[in-house]
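Enquirer: with the input below, show me the fold.
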Amino acid sequence: MIGWRLLCAGLLLVAVTTSAAAGLSVLAGKLGASSAWIAILLGVVVATLASTRAEAPRQKMTIADIVVLAFFALVSARAFLWLIYTDAGELKVLSPNNLGDMALHLNLIHRWANGGTFWPDNPFLSGAPFAYHPGMDLWNALLRTLGVPVYQGLRWTGLLGSAAAAAALWRWGGGFAAAAFLFAGGFGFLDLMQTNLAWKNPFLAMFVTQRGLLYSLPAGLVLLAVWRAQLDNTGGPTLPVTAQAALYATMPLFNAPAFLFLSIVLAACTLVGWRKNLARPFIVTGLLSIIPATWLVHLVTAGFTVSTGFRLAPGWMQDDGGLWFWMMNFGIFLPLMVILGFTVFRRPEATDSSKVMYFTGIATLAFCFIFQLAPWAWDNTKLILWGYLALAPILWHELLARWRPWAQTIACFTLFAAGGSALLVGLDARHGYQLAERSELAEAQVMLRKIPVNARLACTPGYEHPALLLGQPVVMGYDGHLYSQGIDYAPVEQELNRLMSGGNDWTNAARSLGIHYVFWGRREAQRWPQSTQPWKSCGRLLSASEHGELYQITPCLLED
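Expert: As a prediction, the model looks like this:
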């Protein structure tokens, strides 16, 4: 019971603190120390009061559960203690998937901690709206505002989020659910780096890189466990309805696919519970969530202006792979789902919650295999994950647990061997990828103090640029982010090329982009080797180091 209360208290602390900080920052125009302290205190009070009313029956832990959770702890320590680290004079990340994502997170954390505008314009593309769910980055910006160093905050948030996820997975579906998350994979033994797979190991491909899952995964599973108990009326884990609403309503700030899936489950539980006179807590949760959830959706979609990229795409990323694609990515999981469906709906003793979770899980997978939900097809995995996790405990309790031990062993090996191997390969100690040079970051940090925190800077696009890593908004950031979000960055890239090439109309390009500051270093010299650098004669040199020069070009614009 203490573990359940502690888990709920921690999640409520993050939910209330972060959403309160978002509201206060919108009112003030930026995140300040006073807003941070008020949000933290509010989160502590709400989490303490609500968690005292959380109850959960004792859940037996088997030897298999202990082994899986111990392995979960080991891989989490490896992944997050080396999430971002220093090696001699270099700043590195362990996962290559984090090279691009880490730049986005560091930019937002530094910018908000330094007093940058909240809600911001897009820090990665001039003139573009900012449609993103940055809840965990706001949380780390809060910690930085209160004195916690950024890199330490990232590591400890990752470790605590992993502990919460492991606890929530175990409460949701025992060791089997935790194993299903850690070792997900098909028959991809020939591609353990999972370069050519669509459904990659979710721990490596999503949990370590998509920081919103550090909150949304354990919070979503807590809600699913509570809703399952309420629907079956079995005396399972409980949480006050107001606390359920807090976890559910704040989900858009952290993870939009999680909010979408939970909304579907909440609606299904309401409909099924209606005929059993058990719908009241589901209805109240939904009603309490309407206003805060709508406001947060409005915030993270830039006023409902974001383009979803939704379109018909039968077969998802199958292309010409045919049956081999599905076997490589999912192995025997999908055939087992067919067998499970007959089992769940034909057994009289199957619970209503099992039927609801099976239906919503299968419907989610089918929907993601037929429709593309975002400009980048791979982003469907962010919703597939929730359908997959909803089905995992049902697969065990309604099907595999009834098999003989030898059959269970073969099934689990077939389900998890390839994904487990990929996990070990992905956390290999020989990995490590350079994000930046520490000396260059230190020099750039001093240089950027010469310009306002909200001043947009013209520099080379890329995830490794020190200005981007230190929180400065740039004309154009990493094109991988922009592409995956469906943003047409070609016009801005064209204007940036005109500006940095230094042609006759470079000042017109600067005015079009709203730029008053230019950074010129080795990256810029490599990208625009023929540049005349006209700002050297008419601009003002603000700072210089061996890695680059920072110019204010306002005088050039006034003279032109």
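
Enquirer: check the secondary structure at P96 for me.
Expert: Recorded secondary structure, P96: coil (DSSP: H, G, I helix; E, B strand; the rest coil).

Enquirer: bridged to the residue lying closest to it once chain neighbours are set aside, which residues?
Expert: Excluding the flanking residues, the one nearest P96 by CB to CB, 6 or more residues apart in numbering is Y433, at 5.3 Å. For every residue, glycine as well, the C-beta is placed using N, CA and C. Beta-bridge partners of Y433, counted by DSSP bridges, are V93.

Enquirer: so how many other residues sit close to Y433?
Expert: Neighbour count of Y433, defined by other CB atoms under 10 Å: 14.

Enquirer: check the gap between it and Y85 for me.
Expert: Remark: distance between Y433 and Y85 (CB to CB, to the nearest Å) = 11 Å.

Enquirer: what does A363 give?
Expert: Taking CB to CB as the measure, A363 falls 42 Å from Y85.

Enquirer: I'd say F359 and A267 touch.
Expert: No. The pair F359 / A267 is not scored as a contact, 11.6 Å apart, by CB atoms under 8 Å.

Enquirer: neighbour count for the two, which is higher?
Expert: F359 (18 against 13).

Enquirer: in which helix or strand does that one reside?
Expert: Taking DSSP states H and E as the criterion, F359 maps to helix 352-370.

Enquirer: who touches that helix?
Expert: Here helix 352-370 makes contact (CB atoms under 8 Å, 6 or more residues apart in numbering) with 224, 227-229, 231-232, 261, 264-265, 268-269, 272, 276, 312-316, 337, 340-341, 344-345, 380, 383-384, 386-388, 390-391, 393-394, 397-398.

Enquirer: how far is that helix from where the chain is centred?
Expert: 22 Å (CA atoms, centre = their mean, to the nearest Å).

Enquirer: would you agree L312 is in contact with F371?
Expert: Yes. With contact defined as CB under 8 Å, L312 counts as touching F371 (6.0 Å).

Enquirer: more neighbours, these two?
Expert: Counted by other CB under 10 Å, L312 and F371 do not tie: F371 has more neighbours, with 14 against 7.

Enquirer: which one is E443 nearest to, not counting chain neighbours?
Expert: Counting by CB to CB, 6+ apart, E443 lies nearest to S545, which is 4.2 Å off, once chain neighbours are set aside.

Enquirer: just give me the neighbour total for V474.
Expert: Neighbourhood size, V474 [other CB under 10 Å]: 24.

Enquirer: D121 is in contact with that one, correct?
Expert: No. At 11.7 Å, V474 does not count as touching D121 under the criterion of CB under 8 Å.

Enquirer: which pLDDT value goes with the residue most central in space within the chain?
Expert: In the chain, the centroid-proximal residue (CA atoms, centre = their mean) is Q210; its distance is 2.8 Å. Per-residue pLDDT puts Q210 at 92.

Enquirer: now, the contacts of helix 352-370 that are in strands?
Expert: Cross-referencing the contacts of helix 352-370 against strands under DSSP state E gives L312.

Enquirer: quick check on the contacts of helix 352-370: which are buried?
Expert: In these, burial by neighbour count holds for 224, 227-229, 231-232, 261, 264-265, 268-269, 272, 313, 316, 337, 340-341, 344, 380, 383-384, 386-388, 390-391, 393-394, 397-398, counting by 16 or more other CB atoms under 10 Å.

Enquirer: just the ones of the residues you listed in helices?
Expert: Among the buried ones among the contacts of helix 352-370, the members falling in helices (DSSP state H) are 224, 227-229, 231-232, 261, 264-265, 268-269, 272, 337, 340-341, 344, 383-384, 386-388, 390-391, 393-394, 397-398.

Enquirer: what's the average pLDDT for stretch 309-316?
Expert: 89.

Enquirer: residue boundaries of the helices in the stretch 401-550 of the chain?
Expert: Remark: helices assigned in the stretch 401-550 of the chain by DSSP state H, counting those that start in this stretch are 405-426, 438-448, 466-469, 479-484, 490-501, 506-513, 522-527, 535-538.

Enquirer: so which elements touch the third one?
Expert: Translated: helix 466-469. Under the contact criterion of 3 or more CB pairs under 8 Å, 6 or more residues apart in numbering; DSSP states H and E, the helices and strands touching helix 466-469 comprise helix 98-113, strand 433-437, helix 438-448.

Enquirer: could you rerun that using 7 Å?
Expert: Contact partners of helix 466-469 among helices and strands, from 3 or more CB pairs under 7 Å, 6 or more residues apart in numbering; DSSP states H and E: helix 98-113, helix 438-448.

Enquirer: let me know which of these is tucked in deepest.
Expert: Using mean count of other CB atoms under 10 Å, the stretch among the helices and strands packed on helix 466-469 with the largest mean neighbour count is helix 98-113, at a mean of 23.

Enquirer: now do stretch 132-144, average pLDDT.
Expert: For stretch 132-144, mean pLDDT is 96.

Enquirer: so what's the gap between that stretch and the chain middle?
Expert: Distance of stretch 132-144 from the chain centroid (CA atoms, centre = their mean) equals 11 Å.

Enquirer: so what touches that stretch?
Expert: With CB atoms under 7 Å, 6 or more residues apart in numbering as the contact definition, stretch 132-144 has outside contacts at 14, 17-18, 21-22, 31, 36, 39, 105, 108-109, 112-113, 150, 153-154, 157, 211-212, 214-215, 252-256, 300.

Enquirer: return the helix or strand in the protein with minimum mean pLDDT.
Expert: Lowest by mean pLDDT, DSSP states H and E among the helices and strands of the chain is helix 479-484, with a mean of 83.

Enquirer: and that one, what's buried?
Expert: Buried residues in helix 479-484, counting neighbours by 16+ other CB under 10 Å, are found at 479-482, 484.

Enquirer: for F183, state which of these is nearest.
Expert: When those are ranked by distance to F183 (CB to CB), S484 comes first, at 26.2 Å.

Enquirer: hmm, W376 and the closest one touching each other?
Expert: Yes. At 4.2 Å, S484 counts as touching W376 under the criterion of CB atoms under 7 Å.

Enquirer: re earlier: filter the contacts of stretch 132-144 down to the ones in helices?
Expert: Those of the contacts of stretch 132-144 lying in helices (DSSP H): 14, 17-18, 21-22, 36, 39, 105, 108-109, 112-113, 150, 153-154, 157, 214-215, 256, 300.

Enquirer: what distance do you get for V150 to F207?
Expert: 20 Å.

Enquirer: those two: who's more crowded?
Expert: Ranked by neighbour count (other CB under 10 Å), V150 and F207 place F207 first, with 23 against 18.

Enquirer: kind regards, and thank you for your time.
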